[in-house]
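Peer 1: Build the 3D model from these lines:
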Amino acid sequence: MSDANRPHPLSDSLSRRDLLKLGAAAMAGTAGLNWLQPDLGAAETKRPKVAAIYTQFFYCSHAYHILHPFLGPYLFNGKIHQPQCDVLSFYGDQFTDRDLSRGVAKKYDIPIYKTIREALCLGGDELAVDAVLSIGEHGDYPDTKFGQTMYPRKRFFDEIVDVMKQSHRFVPLFSDKHFSYRWDWAREMYDTSRKYEFPMMVGSSVPLAQRTIPLEIPVGTELEGAVSIHGGPIEKYDIHGLEVLQSMVEFRKGGETGISSVQFLKGDDLIKAGKEGRWSMKLAEAAMQAELGTTKRGLFDQIGEEGTAEPHGILLEYKDGFRASMLKIGLNGFRWNFACQVKGENQPKGTTFYPGPWGNRNLFRAFSHAIQHLFVHKEEPYPCERTLLMTGALDVAMHSYFEKGSALMKTPQLEISYKPKDFNRFREMGDSWKVITKEMTPPEDFVEADPKPQ
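Peer 2: Residues are numbered from 1 along each chain as shown. Just a heads-up that it's a prediction; the model follows:
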């Protein structure tokens, strides 16, 4: 089915009042009231053909959120954008009574194949797509003894690369969140992408969120410390907190040369380490103040009606001597805070990464926009090494906690050097929240077949 004839899920699900509001906002952004019409100019260039490989596809899953902007118009930085790619095949690893992929496949005339190979070859014998979405998040998979869900990201990757190798053609690949729950597999995935020279994007969507207090770290800034804070569960949200941290500190003076040690601490041990100066309580307070305002409160006091939760942290010492930490404080899954100390300045700089009025689901518009850039331009929007480094740090932290009694772990394997890259054009700067507000009802696209949307 051509893009011009595809239904537009955003317009299907929003109310007339919401559509009018979006249309008015689009007009203010020079898009006019024709924002639901296909971008005819895009047809002049070849649109990448995409295969989507996922674990499960249900309402508000990662597959749902990432694919949404590939199947219809999406809002990014206050303007409506048309998809730049055509999704031509699906492969689902698991199907439940909440599965949406079969309904979406029927609606958009996208075949679901029984194997990854068939999805990449569109039923033929050779690679027949120009890019691959690999979404290995959610689903019924066991956990390791280190608390890591054994998502099949490495298996997906291996099967995808096997098709590329046998077809003697290598195409851009996106793999959701961190590389793998195993460091050796993560390193192998990265090395394979470099060996065969195909661009790869991996990582968290949170670094692309709006910074509510403007904060930029120019390349070469001399930093004396940094802290990021989230309010979600161990491991699954720790990777987001680590990537928020790294997306800021990678611009520091000297560039990134890697991490020399990692330690996981929780509860009283974490607090004791803070009082001993092993991580900066001052920076953590500045990061929380950026979210909560100037009200004086204890760093680990209960926040509003969130309830109480044992804090934990991952302490990082970098090869160049720089020290930073990622903390979990409270029970707010939308908490993404950051603070740093610039050398020569009296006060820390802090900000929050705001996902939008509908929560973390808003982050995927910017994320999918960046993925489409990867597919169209065959260029990584930001360094793949950032996520490789944080994948390794997270894996070591889980071993520190579950296996080594929270011991400090030396990490010669994480002495990874890379240069930062300006990724501002892929960030949401806040204009979208002049269009989407808390009062608007979030769309429930594709949910006709979902008996119990959550």
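
Peer 1: can you list the weak-confidence ranges in the stretch 1-150 of the chain?
Peer 2: Low-confidence segments of the stretch 1-150 of the chain, defined by pLDDT under 70, span residues 1-45.

Peer 1: which stretches of it form strands?
Peer 2: Counting by DSSP state E, counting those that start in this stretch, the stretch 1-150 of the chain has these strands, from start to end: 49-54, 74-76, 79-81, 86-92, 131-135.

Peer 1: Reformat the ones you listed into CSV and put mean neighbour count and distance to His377 next to each item.
Peer 2: Backbone N, C-alpha and C define where each C-beta goes, glycine included. Written out in CSV, the entries for the strands of the stretch 1-150 of the chain read as follows (neighbours: other C-beta atoms under 10 Å; distance: least, C-beta to C-beta, whole Å):
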stretch, mean neighbour count, distance to His377
strand 49-54, 25, 14
strand 74-76, 23, 16
strand 79-81, 19, 15
strand 86-92, 22, 16
strand 131-135, 26, 11
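
Peer 1: which stretch among those strands comes nearest Leu327?
Peer 2: Within these, the stretch nearest Leu327 is strand 131-135; the backing value is 28.2 Å (C-beta to C-beta).

Peer 1: How about residues contacting the closest one?
Peer 2: Strand 131-135 is contacted from outside by 48-55, 62-63, 66-67, 70, 85, 87, 120, 153, 156-157, 160, 171-176, 371, 374-375, using C-beta atoms under 8 Å, 6 or more residues apart in numbering.

Peer 1: in its sheet, what does it sit against?
Peer 2: On the basis of DSSP bridges, the sheet neighbours of strand 131-135 come out as strand 49-54 (parallel), strand 173-176 (parallel).

Peer 1: Can you name the next helix or strand after that strand?
Peer 2: Of the helices and strands lying after strand 131-135 in sequence (DSSP states H and E), the nearest is helix 153-167.

Peer 1: quick one: that next one to chain centroid distance?
Peer 2: For helix 153-167, the distance between its averaged C-alpha position and the chain's averaged C-alpha position is 22 Å (C-alpha atoms, centre = their mean, to the nearest Å).

Peer 1: again, but for stretch 51-59
Peer 2: Using C-alpha atoms, centre = their mean, the distance between the centre of stretch 51-59 and that of its chain works out at 16 Å.

Peer 1: Could you give the backbone dihedrals for Ile314?
Peer 2: Note on Ile314: its backbone torsions stand at phi -120, psi 120 [degrees, to the nearest 10].

Peer 1: For it, grab the count of nearby residues.
Peer 2: Around Ile314 there are 29 other residues, counting by other C-beta atoms under 10 Å.

Peer 1: Would you check that it makes contact with Ser261?
Peer 2: No. Counting by C-beta atoms under 8 Å, Ile314 does not reach Ser261; the two are 11.0 Å apart.
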